[in-house]
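*Asks:* Provided below are the primary sequence and the corresponding predicted coordinates.
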Amino acid sequence: MNTSATWKQVYILFLSSILGALFIVSTCTTTFAAPSLATGKKEAPMKLTSPAFEHGQPIPSQYTCDGANHHPPLTISDVPSEAQSLALVVEDPDAPTKVFTHWLIYDLPPSTQHILEQEGPLGGTEGVNDFGTRGYKGPCPPSGTHHYVFRLFALDTRLALPGGMKKEDVLAKLKGHVLATAELVGTYKRG
């Protein structure tokens, strides 16, 4: 028996197992329930929805650069009871040069249930988007259909960061404090 061939086979089998596990993990949803500290039972998964569009469907043009460019109304539900704040990031992973940030809000009160169209950050703090400004700047893809990921984080702390922070700084600060996440994805194609 050739031990070199056997070790190569074991190594290939090991790598295949690892890659398979990573694929399974990467395809899992990012919405999860946090265990309740009081009962040991899981709470309902946190949800982020919009009355303006369904998950995976086109974002109406009024919420884009081709319209009024207002942020869409959002509905938040089933926030874990131990949450101390919420953070919201809106990104375009299909942008040509990088994952492009369209909106960033942190330290939203955990009691927030609705973010109405044109409404300000509701006691939260706005960071800087990749247009270089604070606030929402809607979809404006240069070509093709792009996906816009609205990602909500429930945190066990307030980040207490000043306004105007960049996404990378906010994401670094929330590491280790995420109780639950929820996603809403919309699409947009110009013309």
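*Replies:* Alright, I've got the coordinates. As the structure is a prediction and not an experimental result, all values here were calculated from the model. Residues are numbered from 1 along each chain as shown.
*Asks:* who's in contact with the residue nearest to residue 44 when sequence neighbours are not counted?
*Replies:* Nearest non-adjacent residue to residue 44, counting by Cβ to Cβ, 6 or more residues apart in numbering: residue 78, 4.3 Å away. C-beta: built from backbone N, CA, C; applies to glycine. The contact partners of residue 78, taken as Cβ atoms under 8 Å, 6 or more residues apart in numbering, are 43-47.
*Asks:* where along this protein do the helices fall?
*Replies:* Along the chain, the stretches classed as helices by DSSP state H are 3-26, 167-174.
*Asks:* and the ones you listed, which one averages the lowest pLDDT?
*Replies:* Here the lowest mean pLDDT among the helices of the chain goes to helix 3-26, at a mean of 41.
*Asks:* for beta bridges, what are the partners of the residue nearest the centre of the chain?
*Replies:* For the chain, the residue sitting closest to the mean C-alpha position, by Cα atoms, centre = their mean, is residue 151 at 1.8 Å. Judged by DSSP bridges, the bridge partners of residue 151 are residue 89, residue 183.
*Asks:* quick one: it and residue 191, what's the gap?
*Replies:* 27 Å (Cβ to Cβ, to the nearest Å).
*Asks:* please apply the same query to residue 138.
*Replies:* Residue 138 sits 15 Å away from residue 191 when distances are taken as Cβ to Cβ.
*Asks:* please apply the same query to residue 137.
*Replies:* 19 Å.
*Asks:* the more surrounded of the two?
*Replies:* With neighbours defined as other Cβ atoms under 10 Å, residue 137 and residue 191 compare such that residue 137 has more, 20 against 4.
*Asks:* which residue packs closest to the more buried one, ignoring adjacent ones?
*Replies:* In space, and not counting its chain neighbours, residue 137 is closest to residue 131: 4.7 Å by Cβ to Cβ, 6+ apart.
*Asks:* same thing with residue 134?
*Replies:* In space, and not counting its chain neighbours, residue 134 is closest to residue 126: 4.4 Å by Cβ to Cβ, 6+ apart.
*Asks:* so the one you found sits right up against residue 107, yeah?
*Replies:* No: using Cβ atoms under 8 Å, residue 126 is not in contact with residue 107, being 9.9 Å away.
*Asks:* re the thing from before, what's the pLDDT at the residue nearest to residue 137?
*Replies:* The model reports residue 131 with a pLDDT of 96.
*Asks:* can you list the low-confidence ranges for the chain?
*Replies:* Filtered on pLDDT under 70, the chain yields the residue ranges 1-43, 121.
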